[in-house]
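Trainee: what's the 3D shape of this:
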Amino acid sequence: MAVKYIAARQNYSGLAADTKPITTAGVLVGAIFHETDTGFSYQFNGSAWGKVFPAIDVAGDGALLTIHPRMHKIHEGQHFTAVHREVLGAGSATHIVLNTPASAVATIHMLATLEAGAAGWYTFSETTSGTVGTIIQSYDNNRTTANTSEVIISHGSVLVGVTSVGTIFDIGITGLLGTTSLGGISGDQEWVLNHSTRYIFQFLASAATAVNWGLYYVEELA
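Mentor: Numbering: from 1, shown residues only. Here you go, the predicted structure:
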């Protein structure tokens, strides 16, 4: 295409669903049409309208989305937070049981943290059985919606119906006034949980202490 000098340019605006004017309507080469509902802008080349802003449309053009390496996780799903705090006596335990949805296409991305004011042992494991009695409320992090979590989380001091411990993924000991993040340093290690599965978080206190659990997860449900 040869370089063209545009002495005068027409500007149009309308919705994406509106029919853009054509050359028979007297549209000049270089005319601009701005879609007020999408923010896209198009330029007329004499026979058709071509998008000029944004130059790349990720959804429409199939472009590869890239982000800064430090922001390495992208999730498209519902984000929830569940927290639980209690005070334990010396030698007492606290358990968090997490049941994932039965859907075979459910994917749960989870980070979990544990804070304790005294030393103790913690474990993160998978099991086929076991329940505790009190439900922990999960809150939708998108406060403009009313999404309900598909994951069921409960807590209690005694596990009922445990036939086997199952696979232990993480185990360690907390230090005095230490903060331990289950699954990795500072909670950066993400776990992708299986569907229709039960997971158990446990902390056994060596001395009387307050403990605080934090579960942060994204539900991707097809």
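Trainee: Bridged to Phe203, which residues?
Mentor: Thr94, Tyr122 (DSSP bridges).
Trainee: Next: Ala112.
Mentor: With DSSP bridges applied, Ala112 shows beta-bridge pairing to Leu215.
Trainee: State whether it and Asn212 are indeed in contact, as I suppose.
Mentor: No: using C-beta atoms under 8 Å, Ala112 is not in contact with Asn212, being 11.5 Å away. C-betas here are computed from N, CA, C, even on glycine.
Trainee: of these two, who's got more company?
Mentor: Ala112 (25 against 14; other C-beta atoms under 10 Å).
Trainee: how far away is that one from Val105?
Mentor: 23 Å (C-beta to C-beta, to the nearest Å).
Trainee: His195 too?
Mentor: Going from His195 to Val105 by C-beta to C-beta gives 7 Å.
Trainee: the more surrounded of those two?
Mentor: Taking neighbours as other C-beta under 10 Å, His195 and Val105 compare with His195 leading, 15 against 9.
Trainee: Which residue, other than its chain neighbours, is closest to that one?
Mentor: In this structure, His195 finds its nearest non-sequential neighbour in Ala106, 4.4 Å apart by C-beta to C-beta, 6 or more residues apart in numbering.
Trainee: Count the neighbours of the one you found for me.
Mentor: 20.
Trainee: same question, Ala116
Mentor: 25.
Trainee: can you check Gly26 too?
Mentor: Gly26: 9 neighbours (other C-beta under 10 Å).
Trainee: Distance check, it against Gln10.
Mentor: Here Gly26 is placed at a distance of 9 Å from Gln10 (C-beta to C-beta).
Trainee: domain ranges for the chain?
Mentor: Following automatic domain parsing, one finds the domains of the chain at 11-60, 78-220.
Trainee: Which parts of this structure are helices?
Mentor: 58-61 (DSSP state H).
Trainee: Give me the below-cutoff pLDDT ranges for it.
Mentor: Scanning the chain for pLDDT under 70 picks out the ranges 1-8, 23-25, 55-76, 161-165, 175-188, 221-222.
Trainee: Let me see the contact set for Tyr122.
Mentor: For Tyr122, the contact set (C-beta atoms under 8 Å, 6 or more residues apart in numbering) comprises Leu114, Asp170, Ile171, Gly172, Ile173, Thr174, Thr180, Leu182, Phe201, Gln202, Phe203, Leu204.
Trainee: Show me those residues that map onto strands.
Mentor: With strands taken from DSSP state E, the overlap with the contacts of Tyr122 comprises Leu114, Asp170, Ile171, Gly172, Ile173, Thr174, Thr180, Phe201, Gln202, Phe203, Leu204.
Trainee: Report the buried members of these.
Mentor: Among the ones in strands among the contacts of Tyr122, those scoring as buried are Leu114, Asp170, Thr174, Thr180, Phe201, Gln202, Phe203 (criterion: 16 or more other C-beta atoms under 10 Å).
Trainee: Wait, the first one touches Gln202, no?
Mentor: In this case it means Leu114. No: applying C-beta under 8 Å, one finds Leu114 not in contact with Gln202, separated by 9.8 Å.
Trainee: coming back round to it: and the contacts of Tyr122, which is closest to Gln137?
Mentor: For the contacts of Tyr122, the minimum distance to Gln137 (C-beta to C-beta) is 16.6 Å, reached by Phe201.
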